[in-house]
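K.L.:
quick check, what structure comes out for this input:
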Amino acid sequence: MTKVLPSLLASDFTKLGHEIEEMEAAGADIFHLDIMDGQFVPNISYGLPVVEAISRTASIPLDVHLMTLDPEQFIDEFSGLGIDMVSFHIEATNHPHRLMQRIQQSGMKAGIALNPHTPIEHIRHLLSEIDFILIMTVNPGFGGQKFIDTCLDKVGELDAVRRENGYGYEIEVDGGINQETAERCREAGADLLVSGSHLFKSPDWQEAVRKMKQ
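P.N.:
Numbers count the residues shown, from 1 in each chain. Modelled structure (predicted):
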């Protein structure tokens, strides 16, 4: 079943608690938290104090996406905050297998994120053990970008590999996801749809979430 993950980076931070409650009532499945360090990507988002506040307010699972150098930092802190899923970029670490195991041993699902230009070959040796793969469908760092069509090929290839080998990973997409691109991603094999600007700017959040799952 397809799940919808509102990206809280697109929410109104002056009323974050209220928007978390409203988005949960609208049927959101998981909240997506983008952590940016201004080094791996040219933007800074928020850190542990905000993640801690979100974890105290939200009642659905939390998915942390690390767009940072040295993603090995703070894994213990995320586990202590009750985070359910953590993904890191394959380009950001020299020891992806070790980091994947550390996240899993901390009781969280481990995911690997691929930038639009990064081929699946870079993570093929990890596919039998990873919990989910995050396909960036825009260049990471800023919201509101246009969906990159060629990224659908990676979603389809990962779905085919999953079926052929009986792997259990889920496929997540992030960037430019609206009703139209959500449908194309679902058809290609995506399980988890991250959407920020489209959802939070919709006049009817419940209807927007419902249509995205169809």
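K.L.:
what sits opposite Met67 in the beta ladder?
P.N.:
Met36 (DSSP bridges).
K.L.:
and the longest helix for this protein?
P.N.:
helix 151-165 (DSSP state H).
K.L.:
packing partners of whatever helix or strand comes next after that one?
P.N.:
Counting by DSSP states H and E, the next helix or strand C-terminal to helix 151-165 is strand 170-174. In this structure, strand 170-174 makes packing contacts with strand 132-136, helix 151-165, strand 192-195, judged by 3 or more C-beta pairs under 8 Å, 6 or more residues apart in numbering; DSSP states H and E. The C-beta positions use only the backbone N, C-alpha and C, and glycine is treated the same way.
K.L.:
report the angle between strand 170-174 and strand 132-136.
P.N.:
20 degrees (axes from the mean of the first three to the mean of the last three C-alpha atoms, to 10 degrees).
K.L.:
partners of strand 170-174 in the sheet?
P.N.:
strand 132-136 (parallel), strand 192-195 (parallel).
K.L.:
could you redo these as JSON lines and give each row distance to Gly175?
P.N.:
Below are the strands paired with strand 170-174 laid out as JSON lines (distance: least, C-beta to C-beta, whole Å):
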{"stretch": "strand 132-136", "distance to Gly175": "6"}
{"stretch": "strand 192-195", "distance to Gly175": "8"}
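K.L.:
looking at those strands, which is nearest to Ala182?
P.N.:
strand 192-195 (5.2 Å; C-beta to C-beta).
K.L.:
and the next element down the chain from the closest one?
P.N.:
helix 197-200.
K.L.:
need the mean per-residue confidence for that following helix.
P.N.:
Mean pLDDT, helix 197-200: 96.
K.L.:
got the contact list for that helix?
P.N.:
The contact list for helix 197-200 (C-beta atoms under 8 Å, 6 or more residues apart in numbering) reads 4, 6-7, 10-12, 19, 23, 143-144, 177-179, 205, 208-209, 212.
K.L.:
now do the strands in this protein.
P.N.:
Along the chain, counting by DSSP state E, strands occupy 3-6, 31-36, 62-67, 85-89, 109-114, 132-136, 170-174, 192-195.
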